[in-house]
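Peer 1: next comes the sequence, and after it the predicted model I'd like to discuss.
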Number of protein chains: 2
Amino acid sequence: MATDWLQASVFENLFDAQAGAALGALTPHHIAAGTVLFRPGDRPDGFLLVLAGKVNVYLNSRTGRELLLYSIEPGQTCLQTTLAVLGSQTYSGEAIAETDLVAVAIPWSLFNQLIGTSTSFRNFVFKAFADRVGEMTQLLEMVAFMKVEFRLARWLVENMGPDGIIEASHADIAAAIGSAREVVSRRLEVMSERGLVEVERRRIRVLSPDRLRALAANGEN
Amino acid sequence: MATDWLQASVFENLFDAQAGAALGALTPHHIAAGTVLFRPGDRPDGFLLVLAGKVNVYLNSRTGRELLLYSIEPGQTCLQTTLAVLGSQTYSGEAIAETDLVAVAIPWSLFNQLIGTSTSFRNFVFKAFADRVGEMTQLLEMVAFMKVEFRLARWLVENMGPDGIIEASHADIAAAIGSAREVVSRRLEVMSERGLVEVERRRIRVLSPDRLRALAANGEN
DNA sequence: CAGATGCTGTGACTTCGTCACCGACCTGTG
DNA sequence: CACAGGTCGGTGACGAAGTCACAGCATCTG
């Protein structure tokens, strides 16, 4: 039997004894950064729990644009996989390992069994599911209604480190906020002229978080 | 005890005996067209099963635009409500009774109990949930990536009657496809010049479903 | 019939996305 | 070291779409 990875993981104490025992018997896998976990149209082969690392799930357009649906970090689950299991659909997004991963794949049969028998497992899955959908609704609202400047300001304040620095390419940001790279470049240029940020290659330094937050709050400045 | 509304409803034979008995004891309510069932920020007070009629759920922007998230027709459930129950969030959308309704409200306590004890009830709820999220992902993809002409053509072919006629205002259509009224008006004018449709007040007649379908299929014509 | 309300058309303007480039930088390899 | 190929960002021109302000007409209602 595998070492019980549940101990000392973010999932510790989340499940009852029965579910914990069944899950603890599974073996965590290591996955290299850059691996594509699934593509649009794939059928899922198990339910993924991420123990370490980060997975990004994108929606792709035919014209090459992409939109970051969500990131999966330790303790979180994959909306698309849950969807596929519950609703018998295929994936519409593409999942890419952003960093090296450690993850456990729960086989279908076990997943379905636990959903039926373990209240704690069921609550965990559906809570995570519901939270994700809430995020997606927000994303939809942003993309449908908000100006790029607003979305950009918001993304910047949400993703900057304590020192105000963000390491990301303009293309990354464009995918995250649902815009185009050129547009992000031009917006950043304007922001930098106004003294809100400093732009370098793959790095943005937020100079005035407050003014940026004001932008992100009411859409005006 | 109320007449068992489950009989002869779309929900007949969907649930096991235990769940059916508990649900059958509830009393269906009648709700007038135009009633607002919930607004952004509300806390839900029960889980709604629609027996007859139609509910539209919109996302609203501060600038007055709205986007139709989904419609609830008999046999379907409300995503937002499910979300709120499972993830302890508030509503972000607004639900309006499009027509007169007959609906049953399942109280929280009963809902949670059935989720735990009735496999058929649980499956029904989560299947519906998952399907809705799938639709929402499609909507997101459309709004983020597709041109208005494409979305409009698609909406027209999906919503026209067998005679090719659609009764809807330009504003309705704009909300459904996530655009602005003026844009829809202008697009329709172009389509009408090309002989694809005929436009009257609150009525659109599709003249060439095939060419419209072609537009909706590949985005070209 | 008079107003109120709902639906559609229009022009001017801004913002955004797209396309086709180019040049700067980065990293590994011969 | 030089160079090749990839990544990243900047630019100009253009078309598509959203916004604003308003005007005209259709419907409805008292």
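Peer 2: Nice, I can see it.
Peer 1: what's around A:S88, how many residues?
Peer 2: Other residues within reach of A:S88, judged by other Cβ atoms under 10 Å in any protein chain shown, total 12. C-betas here are computed from N, CA, C, even on glycine.
Peer 1: state the distance from it to A:A214.
Peer 2: In this view, A:S88 and A:A214 are 46 Å apart by Cβ to Cβ, to the nearest Å.
Peer 1: do the same with A:Y91
Peer 2: For A:Y91, the distance to A:A214 equals 39 Å [Cβ to Cβ].
Peer 1: next: A:K54.
Peer 2: Using Cβ to Cβ, we find A:K54 at a distance of 30 Å from A:A214.
Peer 1: residues in contact with the lowest-mean-pLDDT helix or strand in chain A?
Peer 2: When each helix and strand of chain A is scored by mean pLDDT, DSSP states H and E, helix A:79-87 comes last, with a mean of 87. Helix A:79-87 is contacted from outside by A:38, A:43-44, A:46-48, A:57, A:69-70, A:89-93, A:95, A:108, A:111-112, A:125, A:128-129, A:132-133, A:136, B:126-127, B:129-131, B:133-134, using Cβ atoms under 8 Å, 6 or more residues apart in numbering or on different chains.
Peer 1: which strand or helix spans A:A21?
Peer 2: helix A:17-24 (DSSP states H and E).
Peer 1: go on, A:G116?
Peer 2: helix A:108-117.
Peer 1: any idea how far that helix is from the chain center?
Peer 2: With Cα atoms, centre = their mean, to the nearest Å as the basis, helix A:108-117 stands 25 Å off its chain's centre.
Peer 1: what is that helix packed up against?
Peer 2: On a contact count with 3 or more Cβ pairs under 8 Å, 6 or more residues apart in numbering or on different chains; DSSP states H and E, helix A:108-117 meets helix A:17-24, helix A:79-87, helix A:119-145, helix B:119-145.
Peer 1: buried sites along stretch A:150-163?
Peer 2: A:F150, A:R151, A:L152, A:A153, A:R154, A:W155, A:L156, A:V157, A:M160 (16 or more other Cβ atoms under 10 Å in any protein chain shown).
Peer 1: list, one by one, the residues from chain A near DNA strand D.
Peer 2: Taking Cβ under 7 Å from any atom of the strand as the measure of proximity, chain A contacts DNA strand D at A:145, A:169-171, A:181-182, A:185-186, A:188-189, A:199, A:201-202.
Peer 1: among the residues you listed, name the ones in helices.
Peer 2: Residues of the residues of chain A next to DNA strand D located in helices (DSSP state H): A:F145, A:H170, A:A171, A:R181, A:E182, A:S185, A:R186, A:L188, A:E189.
Peer 1: center of chain A, which residue is that?
Peer 2: The centroid of chain A falls nearest to A:S71 when counting by Cα atoms, centre = their mean (1.0 Å).
Peer 1: so what pLDDT did that one get?
Peer 2: With respect to pLDDT, A:S71 scores 95.
Peer 1: name the nearest residue to it, ignoring sequence neighbours.
Peer 2: Of all residues not flanking A:S71 in the chain, A:N56 sits nearest, at 5.3 Å (Cβ to Cβ, 6 or more residues apart in numbering or on different chains).
Peer 1: any residue of the helix or strand hosting the residue nearest to the centre of chain A up close to DNA strand C?
Peer 2: Using DSSP H and E, A:S71 maps to strand A:66-72. No - remark: strand A:66-72 sits outside contact range of DNA strand C, by Cβ under 7 Å from any atom of the strand, the gap being at least 10.0 Å.
Peer 1: could I get the buried residue list for that strand?
Peer 2: For strand A:66-72, by 16+ other Cβ under 10 Å, it's A:E66, A:L67, A:L68, A:L69, A:Y70, A:I72.
Peer 1: output the contacting helices and strands for that strand.
Peer 2: With contacts defined as 3+ Cβ pairs under 8 Å, 6+ apart, the packing partners of strand A:66-72 are strand A:55-60, helix A:79-87, helix A:119-145, helix A:170-177, helix B:119-145.
Peer 1: the residue nearest to A:S71: neighbour count?
Peer 2: A:N56 is flanked by 21 other residues according to other Cβ under 10 Å.
Peer 1: OK, contacts around it?
Peer 2: Contacts for A:N56 (Cβ under 8 Å, 6+ apart) come out as A:L68, A:Y70, A:S71, A:I72, A:A95, A:I96, A:E98.
Peer 1: can you pull the residues of chain A lying near DNA strand C?
Peer 2: Close to DNA strand C, as judged by Cβ under 7 Å from any atom of the strand, chain A has residues A:61, A:63-65, A:147-149, A:178-180, A:182-183, A:187, A:201.
Peer 1: what is the orientation angle of the least confident helix or strand of chain A with strand A:55-60?
Peer 2: Using axes from the mean of the first three to the mean of the last three Cα atoms, to 10 degrees, the inter-axis angle of helix A:79-87 relative to strand A:55-60 is 80 degrees.
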